[in-house]
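> Can you look at this prediction? I've put the sequence above it.
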Amino acid sequence: MDRELLLKMWNDAWETGLWAAAWSKVLADLTPQQAAWKPGPDRHSIWQIVAHMVFWRENELRRMASGQAPTDDEIQRLNFPAIQDVTAEAWPQTYQRFAGTQRRIADALNSPTVNLDRVRYLLPHDCYHMGQICYLRALQNMPSVE
């Protein structure tokens, strides 16, 4: 995939949506309780899915900078973490981390020195999880974003 097209698709996914709603809009209006809601005890919440995406985005950014992969301990703790602090302060912090990684990945995609071999897989990964998030919104009887 060409760098320019990948960058365009990455930005479009956030701003206007690709074949589904814009990522920024899917998450923007959630309350902490809606973000933390789980359809069952062994299922993930929107918040956990967003934290999972942030973890892998930050992992790729770190790998680009230093080559350092996550440790088994980091994966255990940070990949779909349990949400302990369901507050009006904590959810926006997670959303802002997600938005920040969106900008940082876009910057990396725009850099001709960045190897796209690994980072290009973030787009389909995140599209998959945004589909899950839209479904979790629907299960909570929230209106469609589109």
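Looks like it came in fine.

> Going by secondary structure, the residue nearest the centre of the chain is in what exactly?
By Cα atoms, centre = their mean, the chain has its centre lying nearest to residue 53, at 3.8 Å. Residue 53 is part of helix 46-66, with elements assigned from DSSP states H and E.

> Run through who's touching the next helix or strand after that helix.
Of the helices and strands lying after helix 46-66 in sequence (DSSP H and E), the nearest is helix 72-78. The contact list for helix 72-78, computed with Cβ atoms under 8 Å, 6 or more residues apart in numbering, reads 51, 55, 70. C-beta coordinates here come from the backbone N, C-alpha and C atoms, glycine included.

> Using the three-state scheme, assign residue 88.
Of the three states, residue 88 takes coil under DSSP: H, G, I helix; E, B strand; the rest coil.

> Show me which parts of stretch 20-40 are buried, residue by residue.
By neighbour count on 16 or more other Cβ atoms under 10 Å, the buried set for stretch 20-40 is 21-24, 26-27, 30, 32, 34-37.

> Among the residues you listed, show me the least confident.
Within the set of the buried residues of stretch 20-40, pLDDT is lowest for residue 21 (91).

> Alright, that wraps it up for me.
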